[in-house]
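following is a predicted model, sequence given first.
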Amino acid sequence: MKVTALIPDKLIEKVKAKSGGKNITESLIIALNEYLNEKKVDDLIDQVNENPLVWNDKFTADGIRKINRSR
């Protein structure tokens with residue numbers, strides 16, 4: 001998709017330097033993918049905060065060993 005955007009030159013240069021992209025397009029793709037990945041992690045953290053993981057009482061070294069030996 002072609003996009004026209006008014007982005008400060010200094011910001012573009014910083015993104016190019018940090019992303020290691022070969023050109024502006026590749027640098028922006030790398031930066032946007034990284035941004036989305038961080039947002040996915042943030043969403044997962046929010047989900048865990050809303051519904052914390054609950055461990056089974058038998059989730060101990062001895063409990064797991066017994067489960068594995070009973071197979």
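All right, it came through fine.

what residues sit buried inside stretch 30-42?
30, 31 (16 or more other Cβ atoms under 10 Å). Where you see a C-beta, it was placed from the backbone N, CA and C, and this is true even at glycine.

scratch that, stretch 11-27 is what I was asking about
Burial within stretch 11-27, assessed by neighbour count using 16+ other Cβ under 10 Å, is assigned to 15, 16, 19, 21, 27.

looking only at pLDDT, what's the mean for it?
Throughout stretch 11-27, pLDDT has a mean value of 97.

and for it, what's in contact with it?
By Cβ atoms under 8 Å, 6 or more residues apart in numbering, the list of residues contacting stretch 11-27 from outside reads 28, 29, 30, 31, 34.

quick one: which of those sit in helices?
28, 29, 30, 31, 34 (DSSP state H).

pLDDT value on the third one, please?
Okay, so that is residue 30. Looking at residue 30, its pLDDT stands at 98.

quick check: chain neighbours aside, which residue is closest to it?
Distances taken as Cβ to Cβ, 6 or more residues apart in numbering place residue 19 nearest to residue 30, at 4.0 Å, with adjacent residues excluded.

check the gap between residue 33 and residue 8 for me.
Noted for residue 33: a distance of 21 Å to residue 8, by Cβ to Cβ, to the nearest Å.

actually residue 46, not the one I typed
Residue 46 sits 31 Å away from residue 8, going by Cβ to Cβ.

distance to residue 69 added to the ones in helices among the contacts of stretch 11-27, as CSV?
As requested, the ones in helices among the contacts of stretch 11-27 are exported to CSV (distance: Cβ to Cβ, whole Å):
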residue, distance to residue 69
28, 54
29, 50
30, 48
31, 50
34, 45
